[in-house]
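Chemist: Next come a sequence and a model predicted from it.
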Amino acid sequence: MKRVESQSELRVESRRSTPIPPGSEARRTSTQLSTQARLNSAHTPLNLLLPYQRAWVEDGSRWKIWLAARQIGKSFAAACEVARDCHLRPGTTWVVLSAGERHALEFMEKVRGWTEAFGLAAAGYAEERAAAEAVLKSASVRYPNGSRVIALPANPDTARGYSANLVLDEFAFHQDSTAIWRAILPSITNALRGELKVRVLSTPNGQGNAFYRLWTDTDAAGNTDGHGRTQTDTDKGEGGAGAGGWSRHRTTIYDAAAAGLPVNVEELRRQLNDPDGWAQEFECQFVDTASVLLPYELIEKCESAEATESTEGTEDEGPLTLALSPGGAEGGRRYAGVDIGRKHDLTVVWVLERIGDVLWTRNVQVLERAPFHAQLEALRAVCARVAHCAVDATGMGAMLAEELARQFGTGRVEACQFTAQFKQELYPRLRRKLEDRLVRIPVSRAIREDLHGLQKVTTSAGLVRYAAPRTEDGHCDRATALALAVRAAEALGQAGLVRAFITPYGRAMERRMNRALAG
């Protein structure tokens, strides 16, 4: 087996790997001691971990909680402990509850990666869904020694159905975290089920959730002796076992960088340009509270096999076209929303058709790595065939939006500036449409995760803003395109709403665009 030299290489290998066929029962018995020796040897893959990650893995406390900055590898370390424990303790079961489906599958990918890194066998991996693109019911990794890891949707009902060692990944961001904790606590503390392990880890998310209360209230959770005894963390996140209480680990971005995490802290702070966001997400301070704007249950009720989704376009396919799918039997009017990608984000075009009172999805077109001229031609084709189109005109989208508004007129194209006030109108309207089931969307995992990623953030001062966390798949670009399409569908009936923001800067950009197209 190829030797893994780094954390990033381990993640790549896990994506390429396939499960190793299990051996015979005799072979499993004979290799159990050698497996444990390998896991504890000087050449163990644990050497891939940074000091604060290894401190978490090697802390054998029953109750552990980790307050950690974003992107420091906390889930990576938690997955290592789970995979290692499954092999050291045959017949062990771990249940993982994550903030969303994408997070759950990423955690399971890390578990599989650690299984490969340790040179161990996995009997198989499976995902349970009602259909290929349906909501995830569970994902599981099974081992030849009878151990298994199960990832489940984070809700009270699924949490109540299992009695096993538990990982609550990004617990501060779980929908209804208080109800989840209330549901699982009786199973965890039942003496007849043995001493099950509990791992709670998260970045802060304000003070209105169970993770905040577990971290700050020394007698709030899991203290089987009732005395609230805990072990506090050190400045470097080196947790220790508390007698009957929580072993606490705390790792800020400064701690992680000092321990060897390859990150330029000051550059990251400048790029974020958000003091409150920096304090919470990287300095581990409890400031703002973020909640999921569109829960899975709300999204799933609006999914329909009759809502259509187009294929993705890339720069390698030549000229891009957005061939709109056939309309409904009643020939309803069509509307489009366009979210313009910035750097690593996606440009997404979402087309809706009104049939009666319901807006049906007819196309969801993703333009990934498409050059500017190809995007412009594709959007011209869309604008020519819809009644109204709302286009993201923020940043690099200004050139596209203003050129389309110039060509088709502001009565058909609205150039939208994403100010705080605009978001306050845009995203709540989308939620209301889904609550009333007046939108139909395709049954698609990518779309579902984009919609679920939108967050409603309440600051300590009570102010509300809307945010879209950045992932490898973009910046909730599909969700924003849908919200713009819904806006376009409502715009024609509201006098004064349709307008384009043409500025001197925009006209200068237009001249540059025309020169580029002419050249």
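Modeler: Received it, and whenever you're ready, just let me know what you need. Residues are numbered from 1 along each chain as shown.

Chemist: Could you give the backbone dihedrals for V111?
Modeler: When quoted as degrees, to the nearest 10, the phi and psi of V111 stand at phi -60, psi -50.

Chemist: Let me fix that, I meant to ask about S140.
Modeler: Summarising the backbone geometry of S140 under the convention degrees, to the nearest 10, its torsions are phi -150, psi 150.

Chemist: Could you check how far the closest residue in space to it that isn't next to it in sequence is from P156?
Modeler: Counting by Cβ to Cβ, 6 or more residues apart in numbering, I150 is the residue found nearest to S140 once chain neighbours are left out, at 4.8 Å. Any C-beta I mention is one placed from the backbone N, CA and C, and that applies to glycine too. I150 sits 17 Å away from P156 when distances are taken as Cβ to Cβ, to the nearest Å.

Chemist: What of A384?
Modeler: For A384, the distance to P156 - Cβ to Cβ - is 49 Å.

Chemist: Please say which of these two ends up with more neighbours.
Modeler: Of the pair A384 and P156, P156 is the one with more neighbours under other Cβ atoms under 10 Å, namely 18 against 11.

Chemist: Verify the stated contact: the more buried one with D176.
Modeler: Yes - between P156 and D176 a contact is recorded at 6.6 Å, counting by Cβ atoms under 8 Å.

Chemist: for L46, what are its contacts?
Modeler: For L46, the contacting residues are L39, R54, V57, E58, C80, R84, by Cβ atoms under 8 Å, 6 or more residues apart in numbering.

Chemist: What are the phi and psi values at the closest residue to W215 other than its chain neighbours?
Modeler: Ranked by Cβ to Cβ, 6+ apart and with sequence neighbours excluded, the top spatial neighbour of W215 is L67, at 5.7 Å. Here the main-chain torsion angles of L67 (degrees, to the nearest 10) amount to phi -90, psi 120.

Chemist: ok, now Y466?
Modeler: When quoted as degrees, to the nearest 10, the phi and psi of Y466 stand at phi -120, psi 140.

Chemist: if we can go back for a sec, same list, the contacts of L46, but as JSON lines with neighbour count and secondary structure please.
Modeler: Compiled in JSON lines, the contacts of L46 are given as follows (neighbours: other Cβ atoms under 10 Å; DSSP: H, G, I helix; E, B strand; the rest coil):
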{"residue": "L39", "neighbour count": "18", "secondary structure": "helix"}
{"residue": "R54", "neighbour count": "17", "secondary structure": "helix"}
{"residue": "V57", "neighbour count": "18", "secondary structure": "helix"}
{"residue": "E58", "neighbour count": "12", "secondary structure": "helix"}
{"residue": "C80", "neighbour count": "27", "secondary structure": "helix"}
{"residue": "R84", "neighbour count": "23", "secondary structure": "helix"}
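
Chemist: Nearest to N264, out of these: which one, please.
Modeler: R54 (23.4 Å; Cβ to Cβ).

Chemist: Not counting sequence-adjacent ones, nearest residue to that closest one?
Modeler: Counting by Cβ to Cβ, 6+ apart, R54 lies nearest to L46, which is 6.0 Å off, once chain neighbours are set aside.

Chemist: now that neighbour: how far from R84?
Modeler: When Cβ to Cβ is applied, the distance between L46 and R84 equals 8 Å.

Chemist: same check, this time on R213
Modeler: The gap separating R213 from R84 is 30 Å, by Cβ to Cβ.

Chemist: Check E267 too.
Modeler: From E267 over to R84 the distance is 34 Å, taken as Cβ to Cβ.

Chemist: Mind exporting the C-alpha coordinates of whichever strand or helix holds the residue nearest to S140 to CSV?
Modeler: The secondary structure element spanning I150 is strand 148-153 (assigned by DSSP states H and E). Output in CSV follows, covering the C-alpha atoms of strand 148-153 (Å, rounded to 0.1, in the frame of the first residue of the first chain):
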residue,chain,number,x,y,z
ARG,A,148,-19.2,0.0,12.2
VAL,A,149,-19.5,3.7,11.7
ILE,A,150,-23.0,5.2,10.9
ALA,A,151,-23.6,8.8,9.7
LEU,A,152,-27.2,10.0,10.2
PRO,A,153,-29.2,13.2,9.6
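
Chemist: which secondary structure elements does that strand contact?
Modeler: Packed against strand 148-153 by the contact rule (3 or more Cβ pairs under 8 Å, 6 or more residues apart in numbering; DSSP states H and E) you find helix 74-88, strand 93-98, helix 101-117, strand 136-142.

Chemist: Test of understanding: give the bridge partners of the closest residue to L105 other than its chain neighbours.
Modeler: Across the structure, with Cβ to Cβ, 6+ apart as the measure, the residue nearest L105 apart from its sequence neighbours is A139 (6.3 Å). With DSSP bridges applied, A139 shows beta-bridge pairing to E127, A151.

Chemist: Report pLDDT for A139.
Modeler: pLDDT, the model's per-residue confidence, is 91 for A139.

Chemist: Next one: it relative to K423, how far apart?
Modeler: Shown here: A139 relative to K423, a distance of 33 Å by Cβ to Cβ.

Chemist: go on, V349?
Modeler: Going from V349 to K423 by Cβ to Cβ gives 20 Å.

Chemist: quick one: which of these two has more around it?
Modeler: V349 (29 against 17).

Chemist: From what I see, the more buried one and T361 are in contact.
Modeler: No - distance between V349 and T361: 11.4 Å, which falls outside the contact criterion (Cβ under 8 Å).

Chemist: what's the neighbour count on the residue nearest to W215?
Modeler: For L67, the tally of surrounding residues (other Cβ under 10 Å) stands at 26.

Chemist: and it, bridged to which residues?
Modeler: Each beta-bridge partner of L67 is listed here, defined by DSSP bridges: S202, R250.

Chemist: Spit out the contact partners of R354.
Modeler: For R354, the contact set (Cβ under 8 Å, 6+ apart) comprises G332, R333, R334, Y335, W360, A489.

Chemist: swap in A99?
Modeler: Taking Cβ under 8 Å, 6+ apart as the definition of contact, the neighbours of A99 are A154, D169, E170, F173, H174.

Chemist: where does it land on pLDDT?
Modeler: In the prediction, the pLDDT value recorded for A99 is 86.

Chemist: Could you do R362 as well?
Modeler: As predicted, R362 sits at a pLDDT of 94.

Chemist: For the host helix or strand of it, name the packing helices and strands.
Modeler: Taking DSSP H and E as the criterion, the element that holds R362 is strand 358-368. For strand 358-368, the helices and strands in contact under the criterion 3+ Cβ pairs under 8 Å, 6+ apart are strand 313-314, strand 347-355, helix 372-383, strand 439-440, helix 477-491.

Chemist: Partner strands of the second one and their direction?
Modeler: The sheet places strand 347-355 alongside strand 334-339 (antiparallel), strand 358-368 (antiparallel), with pairing taken from DSSP bridges.

Chemist: average pLDDT across the shortest one?
Modeler: Right, the one you point to is strand 334-339. In this model, strand 334-339 carries a mean pLDDT of 94.

Chemist: Just want the angle from that strand to helix 372-383.
Modeler: Interaxial angle of strand 334-339 relative to helix 372-383 (axes from the mean of the first three to the mean of the last three Cα atoms, to 10 degrees): 160 degrees.

Chemist: got it, and the longest one?
Modeler: Here the directions of strand 358-368 and helix 372-383 differ by 170 degrees (the same axes, to 10 degrees).

Chemist: Put the alpha carbons of strand 358-368 into CSV.
Modeler: Included here for strand 358-368 are C-alpha records, laid out as CSV according to Å, rounded to 0.1, in the frame of the first residue of the first chain:
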residue,chain,number,x,y,z
VAL,A,358,-46.8,27.4,-9.0
LEU,A,359,-43.3,28.2,-10.3
TRP,A,360,-41.8,25.1,-11.9
THR,A,361,-38.1,24.7,-12.5
ARG,A,362,-37.3,24.2,-16.2
ASN,A,363,-33.5,24.5,-16.2
VAL,A,364,-30.6,24.8,-13.8
GLN,A,365,-27.5,25.6,-15.8
VAL,A,366,-24.1,25.7,-14.2
LEU,A,367,-21.4,27.5,-16.1
GLU,A,368,-18.1,26.4,-14.5
